[in-house]
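In: coordinates only, sequence not included:
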């Protein structure tokens, strides 16, 4: 089985460790912050126990045995098939880290970044091995939400993207290929469109934050958990997608002509929305709410596997 180095032992890095180790990969985990690295095995074990409750993993000791923490980057990346970088979300940090990775790693090692929005061309252009670099953007947490967006720079070798796609598929993820660089890739552009309209509707007093969340959680989100938007509208008109566009295109065209302005993301707008949110309807701590979220995502993953 392949060997993967995970750079960064925070929330996303630990989740990646679960993804690869549960699928039989050998995992090396490293972080410049030794406290985070020391704490990682305990967090990973807890995530695996939650998966075990829903029948999603077995033999936790064997999975944990495939994960090794490494005190140095050089030790972590020696001879690996893939590096999954989870460093700070700035161009400068990624440029420095990828320069170090490019110098340390063998020529056949794929270098992938978990960045949420920074395109690879901004931090790989000057590298000798830039053809093996790409973005492999996950969704938080990747061990429970399997999609991973693959987006290369203009100079990324297409064969590298295909190799990366095969590795993520072997790890049980759902890779999608983004054919050209766009800021935010696909998922965050879709999420951004929804969030901008949500911010506008709440800021203008059309709906409360709690009822907007209910609209998604008890409405759109139920279908979207197993159908994409095109598959959804294909069933919402007798003639499929083209018929849906013919029936509702005028309405959606008027919405598209009047998008939420950039000012919905201003500090003043965010303050109004935060005041209306009031901490939300659930008084539990963020840690407890995250635990509940992950438990429900695990149950949903188990359900979807059973249905397929």
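Out: Right, received. Where do you want to start? Just so it is clear, the structure is predicted and the values come from calculations on it, not from any experiment.
In: ok so residue 136 is a strand residue?
Out: Yes. With DSSP: H, G, I helix; E, B strand; the rest coil as the criterion, residue 136 is part of a strand.
In: count residues in the vicinity of it, would you?
Out: As a burial measure, the neighbour count of residue 136 was computed by other Cβ atoms under 10 Å and equals 28. (Each C-beta comes from the backbone N, C-alpha and C, glycine too.)
In: list the contacts for it?
Out: Residue 136 is in contact with 84, 112-114, 148-150, 164, 168, 175, counting by Cβ atoms under 8 Å, 6 or more residues apart in numbering.
In: now tell me what touches stretch 78-88 from outside.
Out: Residues contacting stretch 78-88 (Cβ under 8 Å, 6+ apart): 2-8, 10, 12-13, 16, 28, 77, 93-94, 97-98, 101, 104-106, 108-114, 136, 164, 167.
In: just checking, which of the residues you listed belong to helices?
Out: Using DSSP state H, the members of the contacts of stretch 78-88 that fall in helices are 12-13, 16, 77, 93-94, 97-98, 101, 104, 164, 167.
In: on that earlier part again, buried ones only from the contacts of stretch 78-88, please, as a PyMOL command.
Out: Those of these that count as buried under 16 or more other Cβ atoms under 10 Å are selected in PyMOL with:
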select buried, resi 2+3+4+5+6+7+8+10+12+13+16+28+77+94+97+98+101+104+105+109+110+111+112+113+114+136+164+167
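In: TSV for the ones in helices among the contacts of stretch 78-88, including pLDDT?
Out: Shown next, in TSV, are these (pLDDT from 0 to 100):
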residue	pLDDT
12	97
13	98
16	98
77	98
93	97
94	98
97	98
98	98
101	98
104	98
164	98
167	98
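In: nearest to residue 203 among those residues?
Out: The nearest member of those to residue 203, counting by Cβ to Cβ, is residue 12 at 30.3 Å.
In: break this protein down into its structural domains.
Out: For the chain, the structural domains run 3-177, 186-277, going by the TED database.
In: coming back round to it: which of the contacts of residue 136 fall within strands?
Out: 84, 112-113, 148-150, 175 (DSSP state E).
In: filter those residues down to the buried ones.
Out: Of the members of those, the ones counted as buried by neighbours, 16+ other Cβ under 10 Å, are 84, 112-113, 148-150, 175.
In: tell me the two of the residues you listed that are most distant?
Out: Greatest spatial distance among these (Cβ to Cβ): 113 and 175, at 14.5 Å.
In: any idea how far residue 297 is from the most centrally placed residue in the chain?
Out: Geometric centre of the chain, nearest residue: residue 139, 1.8 Å, by Cα atoms, centre = their mean. Distance from residue 139 to residue 297, counting by Cβ to Cβ, to the nearest Å: 10 Å.
In: go on, residue 7?
Out: When Cβ to Cβ is the yardstick, residue 7 and residue 297 sit 25 Å from each other.
In: thinking again about what came up before, of the contacts of residue 136, which is the nearest to residue 198?
Out: Distance from residue 198 was checked for each of these by Cβ to Cβ. The minimum falls on residue 149, at 22.0 Å.
In: okay then, goodbye and thanks.
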